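Peer 1: Sequence first, predicted coordinates after that:
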2 protein chains.
Amino acid sequence: MAEQQRGDTGALPKSTLADVARLAGVSIATASKALNKKTHVREETRRRVEEAASSLDFTPNFFAKALNSTRTNTIGMITSDLDNRFVLPILLGAEDAFGSGSLSVLLADARDDVLREQLLVQTLLTRRVDGLLIVGRTTNSRPPATVPGDVPVVYVYAPSDDDTDTSFTPDNVMAGRLAAERLLKAGRTRIALVNGEASYAAARDRAEGVAQAMEEARIPLVGGKSLFGQWGEGWGRDCARLLASAHSDLDGIVAGSDHIARGVIDALREEGRRVPDDVSVVGFDNWDILVRESRPPLTSVDMNLDDLGRSAAQALVDAIDGRPRTGRHVEPVRLVVRES
Amino acid sequence: MAEQQRGDTGALPKSTLADVARLAGVSIATASKALNKKTHVREETRRRVEEAASSLDFTPNFFAKALNSTRTNTIGMITSDLDNRFVLPILLGAEDAFGSGSLSVLLADARDDVLREQLLVQTLLTRRVDGLLIVGRTTNSRPPATVPGDVPVVYVYAPSDDDTDTSFTPDNVMAGRLAAERLLKAGRTRIALVNGEASYAAARDRAEGVAQAMEEARIPLVGGKSLFGQWGEGWGRDCARLLASAHSDLDGIVAGSDHIARGVIDALREEGRRVPDDVSVVGFDNWDILVRESRPPLTSVDMNLDDLGRSAAQALVDAIDGRPRTGRHVEPVRLVVRES
DNA sequence: GTTCCTACCGAAACCGCTTTCGGTTTTGAT
DNA sequence: ATCAAAACCGAAAGCGGTTTCGGTAGGAAC
């Protein structure tokens, strides 16, 4: 009998702070303080207010709150991720970085278009987001977005050109090292690098890491250097076939991506080379659908995107709280050993 | 000289409607009306106000606006999509369904957990979203979320159990038909269906569609019925191998997914059957990375997720505008012919 | 019995905008 | 020139909270 159904629309009663105050027999001001654990309110009064609030299942009006007080507990996330691989891990990271339920994420897709991105920044700022997470499509660095004012921005995956910005990007050099070292430790000495497109920083960085590891081991790369090509399976196949026929002693291949690795493995098998007995293969990305079902299952370097997202989100939270952690953060990756 | 830099924080000047009104020499009320193209305001007055507004680059305070007026131009999107395939297409659809920039999407991940989903619904309602888009992980139908009040909800991919809700789901029966018909039209008569897990509505529906097409053609399925298994390449390989050795006249395979199809194709090739010369193969999902680089490139049924998302988003917009389109909408899919 | 603190509480201003409603001009017709 | 109707405009009342600041009551100190 306490609550009245309002019509038959099932609309929620929407009690306001005034209702709570009235029910608790205090002023609105006191009710507000009581619920916000602020200034001294007698313990008993607070209890009364809280009871009143919960009995009316009072939910403070988000917008009224936001009207006074700069924080909105909302962050904006602008993505340009085409194949859809980063958004959710990063979202999860962000959600975890806050207490559950407290923070919300406004997601928008820039479609890899600078103008559109700029527009989205505006829109999000209008909605008074506390901070911005800008997710790139590649690890190539990019011009910083122009974000007026003091809104913190964290770049993820694609770092900002400006090193005084805050960026989080996976350590592709380390990835290259891990891949090469894996093969070296397994005693392989005739190792080739079938890489992706040279226009990608990821490809170049991985090449760099591989080169470092090989130099330290004083073993030259088969073919002398990174073999840049395309990202697809086709390139992996073609290149592996050439390598196999040119170098009968080939015993290891670092592939620039899992995709390429799939091609490499298939070609090797068809050329009569056993994987991993004759030639061992390592890929990058640890992309589930590619890695798990290849024959044999592919050893791959996982770029730890979840952690990357979480770290970035955490950094954004910190920045919002006034503890900025500027600079380009290059996050560690990890090798996932499978049978290849 | 008009704008003053406020300190060196670079904080934006944040002009308010009052500033605009003052500059234009009108009252706040008039300024408001002028900018909102509402009641009659003299054309010249409107101009003055608009000039003032743009010279101060006035942006209305989102929260103040939201405080009076139920609409917030924000929708909530709750996903449980694990492999990350639907979120962006649907997001794009939603963004397109509105004028660009006008609407924002609050994204949250339910992690396939009913309790968490319920929590998120609450959180989003607190933020007064105009509507809710609930994206499932499979096409299996699901119990409706309990959304108090009159907030419109549209289910995407996974339809609600309750047919008076609004759901959008791809037409997997049609998909099955298209796949089978493609093979039949190519003159194939010894066709098998290597399907995914029977616990998935998608698998069962596709089987249903294939069965319909075969019946109409009065041609039985090799093996007599859908061969349910798992979704992976491994199952595709194993099953294709068995089929190939048991049925030398086999000339067509419908695979339950592109993933399975990849396995099927690889196995067939290794069994010495040429694709498509000896056996033609069709997959489902048209998942770029799987389809394009298989040998030969795979003919596949595209589930039109972009359109699905767009339609769902549009329906949500309509519902918000008071034109609900309840029911389970089964959206068409399309065949993408490649070489297999 | 004053005086002075202290701890609580509440009136009222305010955040920035929308909207109602009454007052003032303009306009148009007579 | 006169007057009603139409067109504009602005004061003020919200929307639902937070926050300042002054008022009270009760107790300790004198």
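Peer 2: Now that the structure is in, tell me what you want to look at.
Peer 1: Would you map the strands across the stretch 1-150 of chain A?
Peer 2: For the stretch 1-150 of chain A, the strands defined by DSSP state E, counting those that start in this stretch cover A:74-79, A:104-109, A:131-135.
Peer 1: do the lowest-mean-pLDDT helix or strand in chain A and chain B meet?
Peer 2: Ranked by mean pLDDT, DSSP states H and E, the helix or strand of chain A with the weakest confidence is helix A:87-97, at a mean of 79. Yes - using CB under 8 Å from any CB of the partner chain, helix A:87-97 reaches chain B at A:87, A:88, A:91, A:92, A:95. Backbone N, C-alpha and C define where each C-beta goes, glycine included.
Peer 1: Let's have the residues you listed in JSON lines, adding distance to DNA strand C and neighbour count.
Peer 2: Below are these laid out as JSON lines (distance: CB to the nearest atom of the strand, whole Å; neighbours: other CB atoms under 10 Å in any protein chain shown):
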{"residue": "A:87", "distance to DNA strand C": "32", "neighbour count": "23"}
{"residue": "A:88", "distance to DNA strand C": "35", "neighbour count": "24"}
{"residue": "A:91", "distance to DNA strand C": "30", "neighbour count": "24"}
{"residue": "A:92", "distance to DNA strand C": "34", "neighbour count": "17"}
{"residue": "A:95", "distance to DNA strand C": "29", "neighbour count": "24"}
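Peer 1: Redo the residues you listed as JSON lines? Include distance to residue A:172.
Peer 2: Putting the residues of helix A:87-97 next to chain B into JSON lines (distance: CB to CB, whole Å) gives the following:
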{"residue": "A:87", "distance to residue A:172": "20"}
{"residue": "A:88", "distance to residue A:172": "21"}
{"residue": "A:91", "distance to residue A:172": "23"}
{"residue": "A:92", "distance to residue A:172": "22"}
{"residue": "A:95", "distance to residue A:172": "26"}
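Peer 1: I'd like the strands of the stretch 1-150 of chain A written out as a markdown table, with mean neighbour count added.
Peer 2: Formatted as a markdown table, the strands of the stretch 1-150 of chain A follow (neighbours: other CB atoms under 10 Å in any protein chain shown):
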| stretch | mean neighbour count |
| --- | --- |
| strand A:74-79 | 25 |
| strand A:104-109 | 24 |
| strand A:131-135 | 25 |
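Peer 1: right, and those - which one's nearest DNA strand C?
Peer 2: For the strands of the stretch 1-150 of chain A, proximity to DNA strand C was assessed by CB to the nearest atom of the strand; strand A:74-79 is nearest, at 17.0 Å.
Peer 1: if we can go back for a sec, go through the residues of helix A:87-97 next to chain B and name the one nearest DNA strand D.
Peer 2: residue A:95 (23.6 Å).
Peer 1: shouldn't that closest one be in contact with residue B:106?
Peer 2: No - using CB atoms under 8 Å, residue A:95 is not in contact with residue B:106, being 11.9 Å away.
Peer 1: Next, show the common contact partners of these two.
Peer 2: residue A:105 (CB atoms under 8 Å, 6 or more residues apart in numbering or on different chains).
Peer 1: list the contacts for the closest residue to residue A:188 other than its chain neighbours?
Peer 2: Nearest residue to residue A:188, sequence neighbours excluded (CB to CB, 6 or more residues apart in numbering or on different chains): residue A:252, at 3.5 Å. Residues near residue A:252 by CB under 8 Å, 6+ apart: A:183, A:186, A:188, A:189, A:190, A:191, A:192, A:279, A:280, A:281, A:282.
Peer 1: And residue A:252, how close does it get to residue A:219?
Peer 2: Computed as CB to CB, to the nearest Å, the residue A:252 to residue A:219 distance reads 10 Å.
Peer 1: again, but for residue A:201
Peer 2: Distance of residue A:201 to residue A:219, given as CB to CB: 25 Å.
Peer 1: and residue B:170, which of the strands of the stretch 1-150 of chain A is closest to it?
Peer 2: strand A:104-109 (21.3 Å; CB to CB).
Peer 1: So which of the strands of the stretch 1-150 of chain A is nearest residue A:52?
Peer 2: With CB to CB as the criterion, residue A:52 lies closest to strand A:104-109 of these, at 27.3 Å.
Peer 1: quick one: strands adjacent to that closest one?
Peer 2: strand A:74-79 (parallel), strand B:104-109 (antiparallel) (DSSP bridges).
Peer 1: my guess is residue A:142 contacts residue A:157, does it?
Peer 2: No - applying CB under 8 Å as the test, residue A:142 and residue A:157 come out as separate, 9.8 Å apart.
Peer 1: Could you pick out the residues of chain A near DNA strand D for me?
Peer 2: A:14, A:16-18, A:28-29, A:32-33, A:35-36, A:38-39, A:58-61, A:64-65, A:67-69 (CB under 7 Å from any atom of the strand).
Peer 1: bridging residues for residue A:334?
Peer 2: residue A:302.
Peer 1: hang on, isn't it packed against residue A:301?
Peer 2: Yes - counting by CB under 8 Å, residue A:334 does reach residue A:301; the two are 7.1 Å apart.
Peer 1: higher neighbour count, those two?
Peer 2: Each of residue A:334 and residue A:301 has its neighbours counted (other CB atoms under 10 Å in any protein chain shown); residue A:301 has more, 28 against 14.
Peer 1: Contacts only, for the more buried one.
Peer 2: Counting by CB under 8 Å, 6+ apart, residue A:301 has contacts A:175, A:178, A:179, A:282, A:283, A:284, A:285, A:286, A:333, A:334, A:335, A:336.
Peer 1: now do residue A:209
Peer 2: By CB under 8 Å, 6+ apart, the contact set of residue A:209 is A:172, A:173, A:174, A:175, A:176, A:177, A:178, A:179, A:180.
Peer 1: which phi and psi does it have?
Peer 2: phi -60, psi -40 (degrees, to the nearest 10).
Peer 1: Name the nearest residue to it, sequence neighbours excluded.
Peer 2: Using CB to CB, 6+ apart, the nearest residue to residue A:209 is residue A:176, at 2.2 Å.
Peer 1: Against which helices or strands is the helix or strand where that neighbour lies packed?
Peer 2: Using DSSP states H and E, residue A:176 sits within helix A:172-185. Contacts defined by 3 or more CB pairs under 8 Å, 6 or more residues apart in numbering or on different chains; DSSP states H and E place helix A:172-185 against strand A:191-194, helix A:201-216, strand A:252-255, strand A:280-284, strand A:299-302, strand A:334-336.
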